[in-house]
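Student: kindly generate the corresponding structure for this input.
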Amino acid sequence: MIIQLNKNIKPAEKDAIVKKVNGLKYEANEVRTQKGTYLIGIGSSDFDIRQIGNMPGIDDIHIVSDSYKLVSRKWKVRPTIIDLGDGVIVGNGELAIMAGPCSIEGEAQIYETIAHLKASGIRMMRGGVYKPRSSPYAFRGLGIEGLELWYKHARAAGIKIVTEVMQVSQIEPMLEYVDIFQVGARNTQNFNLLDALGKVDKPVMIKRGISGTIDELLYSAEYVFSGGNERLILCERGIRTYEKASRNTMDLNAIPILKEKTHLPVIADPSHGIGIRRHVEAIALASVMAGADGVIYETHSNPYKAFSDGQQTIDFKESEALVKKMRASYELLRSF
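Tutor: Next up is the predicted model:
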């Protein structure tokens, strides 16, 4: 069960509620977030909700059978909206677009990418300053110095920054410069990192694990929410299967299933989803029609010279065309 407590609840009232919950053979776990205080009751015995619902200090109570409770749509029917400020919103009924290179490479690249995004009306730029690479000899990012440089140009242009955090120790130095912390596929079950991100007041986008299930993605989000951070976004980025014709297998099924199971915004990553430049557009458009709240993809002025992931990165001309098609597709979908 989820019990939403009144913001002015008295200590004696809360103690009485906890005692009542425990008496029903449920374990009461308190969760404090940016938006409220909740008691999460863990148990399985049947009871009449009216035994608790009318107690002083309770704003609302919900019976949620899912093991992931706070991210479940069974208690929060209205979709969560992530407000990044300056009119940049994810999950408000408009298509959110995040685009940029796999890796931040230098000042000239930052400048030209921002110019492209502004020309296309895109307000969120993706890019990596810490890169988890399969080979230890591959380019692994510019680190905090690259992030500071990126931030200077992005802020001047009104562009929000989406970038990956790989370990707990990186959160604090990155906090000032990041608008959305991205948890990559390799860290989706890094529970120490998820716990730490639950304690920050910045949105967190969690990518699905390389071989992770939909439920495992939702459990990862539950870690962050239960740690105190409600500002969550989910990202379907394809999973590893036996198929070798593409880098990953983009699970378009996951998009409507996640929209049904959770109140959190769902973003699609077609670049990693298929990993083949010429097919990114098709998967992006399919994701939009499947109901995604937004799309995150990789773009570079010259993908053939990109420091990383050039094979799945589209150029600026292709990106401009894709944005127009995605927005037209989204409007078509809304008109049905």
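Student: in this structure, which spans are helices?
Tutor: In the chain, the helices defined using DSSP state H lie at 11-23, 50-53, 107-119, 143-157, 168-175, 191-197, 214-226, 254-261, 270-274, 280-289, 316-335.
Student: mean neighbour count, the ones you listed: which tops it?
Tutor: Comparing the helices of the chain by mean neighbour count (mean count of other CB atoms under 10 Å), helix 270-274 comes out on top with a mean of 28. From N, CA and C alone the C-beta is placed, and that goes for glycine too.
Student: got the contact list for it?
Tutor: For helix 270-274, contacts defined as CB atoms under 8 Å, 6 or more residues apart in numbering pick out 185, 236-238, 246-248, 250, 280-281, 283-284, 287, 295-298, 309, 312-314.
Student: go again with 7 Å.
Tutor: 237-238, 246-248, 250, 280, 283-284, 287, 295, 297-298, 312-313 (CB atoms under 7 Å, 6 or more residues apart in numbering).
Student: go through those residues and flag which are in strands.
Tutor: Cross-referencing the contacts of helix 270-274 against strands under DSSP state E gives 295, 297, 298.
Student: from these, pick the one nearest residue 141.
Tutor: Ranked by distance to residue 141 (CB to CB), those are led by residue 298 at 14.6 Å.
Student: do you know how far that closest one is from residue 188?
Tutor: 19 Å (CB to CB, to the nearest Å).
Student: settle it for me: which of these two has more neighbours?
Tutor: residue 298 (27 against 24; other CB atoms under 10 Å).
Student: beta partners for the more buried one?
Tutor: Beta-bridge pairing for residue 298 (DSSP bridges): residue 100.
Student: contacts only, for it.
Tutor: 101, 102, 271, 309, 312, 313.
Student: one more time with 8 Å
Tutor: Per CB under 8 Å, 6+ apart, neighbours of residue 298: 99, 100, 101, 102, 126, 271, 309, 312, 313, 314.
Student: surely the first one meets residue 299?
Tutor: Yes: under the criterion of CB atoms under 8 Å, residue 99 makes contact with residue 299 at 5.1 Å.
Student: between those two, which contacts overlap?
Tutor: With CB under 8 Å, 6+ apart, residue 99 and residue 299 have common neighbours residue 319.
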